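> Please find the sequence and the predicted model below.
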Amino acid sequence: MQKHSDAAAAPGPQPDSAPTSIAARAMATLRPGASSYLEGLNPEQRRAVETTDGPVLVLAGAGTGKTRVLTTRIAHLIATGKARPYDILAVTFTNKAAREMKARIGALIGPAGEGMPWLGTFHAIGTKILRRHAELVGLKSDFTILGTDDQLRLMKQVIADQNIDEKRWPARALGHAIDGWKNRGLAPEQVPPGEAGAFAFGKGGALYTAYQARLATLNAVDFGDLLLLCLKLWRENPDVLENYQSRFRYILVDEYQDTNVAQYLWLRLLAQGHRNVACVGDDDQSIYGWRGAEVDNILRFEHDFPGAAVIRLERNYRSTGHILAAASGLIARNEGRLGKTLRTEDEAGERVTVSGAWDSEEEARLLAESIESLQARKHPLSEIAVLVRISAQMREIEDRFVQLGLPYRVIGGPRFYERAEIRDALAYLRATANPADDLAFERIINTPKRGLGDATLQQLHAHARAERIPLLLAARRLIETDELKPRVRSTLRALVESFSRWARSIETMPHSEVAQTILEESGYTEMWQKDRSADAAGRLENLKEFVRSMEEFPDLAGFLEHVALVMDASEAEGAERVSLMTLHAAKGLEFDTVFLPGWEDGLFPNQRAIDESGRAGLEEERRLAHVGLTRARKRAKLSFAVNRRIHGLWSSTIPSRFIDELPPASVDVVEAPAHFSAGASRFDRNPAPFGSSYGTPGWQRAQANTAASGGRGFGSSYNAPPGGRGGPRQIEGELVAKSTGTPSAYSGGMRVFHTKFGPGTVAGVDGNKLTVDFDKAGRKMVLDSFVQQG
DNA sequence: TGTGAGTCAGTTTTT
DNA sequence: CTGACTCACA
């Protein structure tokens, strides 16, 4: 049970034996020590659970049962009668963490835990508070929460309004600056003059002010405001603050090392009531400095909350000895840390392996072979992860997996709600629900194309600004005048009337039907049905899913809130696939075997991180390495390549300095392939005969694939023995690919199947390159060796 | 209004 | 080498 306590952690048999909260409370008063939920905790964990009063900092190293402590602590507070579920404020960073915590509390103490109204992300709780007191900060309670793209659009408008050249001062940069200020809890008037002047010849501050003003007129907030406006609310209304201070008898914070200054201030204000604040975190896993997280918050905790109890969880239940030793040895090089030493009672296990490759392509190949040999030994693919520093590394690895037919999934990536069709559908709903939502209206006024282009929009804007009214209202007024061309006028009238009709139908129809109607009547669905590009079908699917998902919510407002805040798409779990993700995305997860490719100076540690943040940047990179290693239960396999393509150019690289920082006793250097023998390094070993890889399933499958496609194309480069070359094999590969003049076995109109993109139709042929319209993935250029006839 | 060439930059990412 | 974006042109 303890073994995989952190992430996996269905709380096993415990829930069955866990009493309901009332019984538990009664029992706990009689025999406080005997509560079943406390069983199986180690002494430190138990102390972290039972030290309920006063400030507590729990330094929970990777795999030490952090989530378990947090959830048990809540269960304990409730079971002992110290607090009712609604007395407890429990904040997390992600929705995923919040969901997981809810589920686990529910499992521990039964239905009583499900009613925890104040368990959620900082932003969700901030929203809840702001909606109650919206008018005190100049909003209406049905304010809209803007996503990043709306934010950007708004910034562009603000920049244009101030007659600033958007070329020289891009909206993105302004957005970055404003986000930074908001992360630090700074309202426009609080920005230090020096900083405000840095943007656009001293206009940064003015732009920030203007941006906030625009938000206010739109009755909208951005993510930063959800915290910042709480601060404003509380500072200006001490009675409101007091109310929340006394309401939250106990406060718990997850991942405290990730808090930014705004969140810190937010917490500190609330915690000044009962002062029962428990923060759980790990300074060694702070990897979000670049987006405002302040490691200092955790380093300074004892100073900020005098008399705080500091509890270290150092017993690791996840990884074997060598992995832990490697991770600990590495992180010990960091200076700015509170210091913990992870220990395990598990066996030493396998040493961490380090291997070099000639180039990144070979690295990908060796990695895939290694996975296949694990697979051949019945190692489940779902227990294997490949963690990369930057997503650009994924391409080559994916290519290799695709070629071998090795099932994988990418974690992270673009999310459901970020897709254009979902944002469009959302914009229709938003503009219907809130006629003042100019950004939404603007987004869809000409989607689908209905002849309401830039010129019309400008007119609307001018009118709206002059009258200080929303765009939709401006449109309604304008169509009564003769300022518009007849055609535009009638189109706009139709649109405006549609919106009125849809708005009325919200009262009478179930909201998912309203959505369906809007999508039909606006011509939006039709637009995609008519679209001949290959991904149109997928988009229609997404829209269906979108409408379907609305049914899970009681009303439109509830749904809109959900998409604004709880934006992660549910991912199908448990499939028998290798997981591929960035190191950042891996935090909180664990796998039996973890591959860590790309350990090269410049890539990892990343040069930019060092350039921008110097020593602190390097230390954050090192923490990232530590996070990567500690994801592994049994096996961690590092690798690097000595040649890598960076921005399209081949450059030679040297192994990451982190590799040399690993404790040698816990590391095995794996023999390098033939060509990798020059230069004296610790990786200089006898080359393994390359022929040994010919028997792997991957090799055989690659050959089979080649045969299936007629033995032509890129695949044929693999017919040359991969070993026995002194130079970059990549170049050979390219030469072979380019010199393939023989006509492809494929021709336009043929149906083909691609392992990654699925079925599709050939649209064009150029030598061994095919242009294929895939049914799901859209139009892609692929090499014919990657597809099969079908 | 839509396309095609040309330009330019190019970590990590949640809410 | 990509992909995102802009700008000129039809």
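Ah, there it is. Residues are numbered from 1 along each chain as shown, chains lettered A, B, ... in the order given.

> since we're on A:L136, how many residues are nearby?
15 (other CB atoms under 10 Å). Placement of C-beta: from N, CA and C, glycine included.

> What separation is there between it and DNA strand B?
21 Å (CB to the nearest atom of the strand, to the nearest Å).

> What of A:A216?
19 Å.

> contacting residues around that residue?
By CB atoms under 8 Å, 6 or more residues apart in numbering, A:A216 lies in contact with A:G138, A:L139.

> Look up which helix or strand it falls in, please.
Using DSSP states H and E, the element containing A:A216 is helix A:204-217.

> Give me the distance between that helix and the centre of its chain.
28 Å (CA atoms, centre = their mean, to the nearest Å).

> pLDDT wise, what is the residue of chain A found nearest DNA strand C at?
Distances between chain A and DNA strand C by CB to the nearest atom of the strand are smallest at A:G648, namely 2.4 Å. pLDDT, A:G648: 83.

> Would you quantify the distance from it to A:V402?
According to CB to CB, to the nearest Å, A:G648 stands 21 Å off from A:V402.

> More neighbours: the two, which one.
Neighbours were counted for A:G648 and for A:V402 using other CB under 10 Å; A:V402 has more, 17 against 5.

> tell me what the strand or helix carrying the more buried one is packed against?
Assigned by DSSP H and E, A:V402 belongs to helix A:394-404. Secondary-structure packing of helix A:394-404 (3 or more CB pairs under 8 Å, 6 or more residues apart in numbering; DSSP states H and E): helix A:360-376, strand A:384-388, strand A:408-410, strand A:578-582, helix A:697-708.

> any idea of the angle that helix forms with strand A:384-388?
Interaxial angle, helix A:394-404 versus strand A:384-388 (axes from the mean of the first three to the mean of the last three CA atoms, to 10 degrees): 150 degrees.

> thinking again about what came up before, for the helices and strands packed on helix A:394-404, which one ends up most surrounded?
strand A:384-388 (a mean of 26; mean count of other CB atoms under 10 Å).

> Switch the helices and strands packed on helix A:394-404 over to JSON lines, and while doing so, append distance to DNA strand C and mean pLDDT to every line.
Below are the helices and strands packed on helix A:394-404 laid out as JSON lines (distance: least, CB to the nearest atom of the strand, whole Å; pLDDT from 0 to 100):
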{"stretch": "helix A:360-376", "distance to DNA strand C": "12", "mean pLDDT": "93"}
{"stretch": "strand A:384-388", "distance to DNA strand C": "17", "mean pLDDT": "96"}
{"stretch": "strand A:408-410", "distance to DNA strand C": "14", "mean pLDDT": "89"}
{"stretch": "strand A:578-582", "distance to DNA strand C": "16", "mean pLDDT": "93"}
{"stretch": "helix A:697-708", "distance to DNA strand C": "20", "mean pLDDT": "31"}
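
> For the ones you listed, give me JSON lines that also has distance to A:H176.
Formatted as JSON lines, the helices and strands packed on helix A:394-404 follow (distance: least, CB to CB, whole Å):
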{"stretch": "helix A:360-376", "distance to A:H176": "30"}
{"stretch": "strand A:384-388", "distance to A:H176": "24"}
{"stretch": "strand A:408-410", "distance to A:H176": "26"}
{"stretch": "strand A:578-582", "distance to A:H176": "20"}
{"stretch": "helix A:697-708", "distance to A:H176": "43"}
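
> Could I get the phi/psi values of the residue of chain A closest to DNA strand C?
When read as degrees, to the nearest 10, the backbone of A:G648 gives phi 90, psi -10.

> Assign A:I251 to helix, strand or coil.
Three-state assignment for A:I251 (DSSP: H, G, I helix; E, B strand; the rest coil): strand.

> Okay, helices next: where are they in the stretch 451-600 of chain A?
A:454-467, A:471-478, A:486-508, A:511-521, A:524-530, A:536-550, A:556-565, A:583-586 (DSSP state H, counting those that start in this stretch).

> Of all residues in the stretch 501-650 of chain A, which one is closest to DNA strand B?
Closest point on the stretch 501-650 of chain A to DNA strand B, by CB to the nearest atom of the strand, is A:A609, at 2.8 Å.

> Make sure that residue is actually in contact with A:E619.
No - counting by CB atoms under 8 Å, A:A609 does not reach A:E619; the two are 9.7 Å apart.

> more neighbours, those two?
A:E619 (23 against 20).

> ok but that one is inside a helix, no?
Yes - looking at A:E619 with three-state DSSP, it is inside a helix.

> Might you report the residue contacts of it?
Neighbours of A:E619 in contact, by CB under 8 Å, 6+ apart: A:N334, A:E335, A:G336.

> so which of those comes closest to A:R132?
Nearest to A:R132 among the contacts of A:E619: A:G336, at 39.2 Å, using CB to CB.

> Contact partners for that closest one?
Per CB under 8 Å, 6+ apart, neighbours of A:G336: A:D283, A:V295, A:L299, A:A616, A:E619.

> Against A:T653, how distant is the last one?
Between A:E619 and A:T653 the distance is 22 Å, computed by CB to CB.
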